[in-house]
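Asks: build me a model from this:
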Amino acid sequence: MVTDEQYEFKSERRGISRHRWFGQIDLWYNWNFENQYGEWNLWKSQPLFSTKLEILSFKILLLYNPLIFIYLIMKEIYINYMKTLRFLLIFLISLTLFFSCNSNKDIKEINLQDEKTFTDSIHSSSQQKIYVAISTMILPIETFNLYKDLIDYISSKLGVPIEFKQRKTYSEVNELLKEKKLDFAFICTGAYREARNKMPIEILVVPVVNGRPYYQAYVIVNEESNINSIDELQGKSFAFTDPISNTGYDYIINILKERKSNPEKFFSKTIFTYAHDYSIQAVKRKIVDGATVDGLVYEYLKHFQPKKVEGIKIINKSRDFGIPPFVVQKGMNPELKKRLKNIMLNLHNDPKGKELLSKIMIDKFIEGNDELYK
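Replies: Have a look, this model is predicted:
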């Protein structure tokens, strides 16, 4: 009887060991061409055949019947294929059963492409809702995460659900304000200048950072470069944040206008990143030679995520600009507007509110006016 034993064919030249299954026999093959006639050398690791005649017959069978090798190979391929197919079938059936069992659950879906929303806080309450957008001065996901807790806390104090309507660009947020699809928003200084005479909005409150309602533009380069001034950026690549950003676009444009130039003439190429953090990373990774960014964002990253600004050199800081404001629709319910404003003005007097403000490096909110944005 043939038992479940092993044979090994060893090769000095090729050094190949292949594991094959043939019925109940576990075979190990290795070719050894000992002479020009291709004769096999066979060693038994354990007894399989009882006589030398059986061994010789087996050797001849392997030597003169290459179809056996083909058969063994094809058989293994077939067996492995069937095992894989069986596994895939079991996996797919399991998935089908899992999702079928959960198909009756209520699922709320946010379609990012069709609705152009980044993410929304969904409220099932039948109460009146108000809508807010936070301009993506940092990465969209970080912007949402940074402000979500603060907005949720304001919502709880106000007793009214607040729903986020995020957009990628400053212009898209302004468009929502124009279409009255937002009740209030935290927008860039440049976006406010663009919008204030075109739509019925007004300043609700403005942040105070480091004791001041002002901020600056930073012009940055990689510290490994030899660039040390804006003049030395001529002929280099440059990153802007947004076409209506104050620190991320207007600041450099106004400097170039004073020099009777423009981005097309001054820089070798320009890009828009649509987030100050992206601009910083573009310089850090040497995708561009320089960028102009919001100093508040730079300082936030330096404080909380210092690795993101490692290798960055600031070569220019702007004058003080009025800090990005929270704006509100003029037509918003007067009582609701008053309550919202009062809550925001007193957040720093509340331990929880103060903690949330500190996470975004804001001291407090104060009343603001257009004098800040001349």
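
Asks: and the helices in the stretch 201-350 of the chain?
Replies: 251-258, 263-266, 276-284, 295-304, 334-345 (DSSP state H, counting those that start in this stretch).

Asks: what's the closest of those to Arg193?
Replies: helix 251-258 (12.3 Å; C-beta to C-beta). Every C-beta, even on glycine, is put in place using the N, C-alpha and C of the backbone.

Asks: ok but Ala185 is inside a strand, no?
Replies: Yes - looking at Ala185 with DSSP: H, G, I helix; E, B strand; the rest coil, it is inside a strand.

Asks: can you pull the buried residues of the strand of greatest length in the chain?
Replies: With DSSP state E setting the assignment, residue counts place strand 201-208 as the longest strand in the chain. For strand 201-208, burial by neighbour count (16 or more other C-beta atoms under 10 Å) applies to Ile201, Ile203, Leu204, Val205, Val206, Pro207, Val208.

Asks: send me that strand as PDB with only the CA atoms.
Replies: Taking C-alpha atoms only, strand 201-208 is exported to PDB below (Å, rounded to 0.1, in the frame of the first residue of the first chain):
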ATOM      1  CA  ILE A 201     -24.800  90.900   6.200                       C
ATOM      2  CA  GLU A 202     -23.300  92.600   9.200                       C
ATOM      3  CA  ILE A 203     -20.600  91.900  11.800                       C
ATOM      4  CA  LEU A 204     -21.900  89.900  14.700                       C
ATOM      5  CA  VAL A 205     -18.700  89.600  16.800                       C
ATOM      6  CA  VAL A 206     -14.900  89.500  16.200                       C
ATOM      7  CA  PRO A 207     -12.300  87.300  17.900                       C
ATOM      8  CA  VAL A 208      -9.600  88.600  20.100                       C
END
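
Asks: got the angle between that strand and helix 295-304?
Replies: Going by axes from the mean of the first three to the mean of the last three C-alpha atoms, to 10 degrees, strand 201-208 is angled at 40 degrees with respect to helix 295-304.

Asks: which other helices and strands does strand 201-208 contact?
Replies: strand 326-329, helix 334-345, strand 364-366 (3 or more C-beta pairs under 8 Å, 6 or more residues apart in numbering; DSSP states H and E).

Asks: domains of the protein?
Replies: 6-64, 117-213+330-373, 217-319 (automatic domain parsing).

Asks: that older thread, winner for burial among the helices and strands packed on strand 201-208?
Replies: strand 326-329 (a mean of 22; mean count of other C-beta atoms under 10 Å).

Asks: quick one: strands adjacent to that one?
Replies: If you go by DSSP bridges, strand 326-329 pairs up with strand 184-186 (antiparallel), strand 201-208 (antiparallel).
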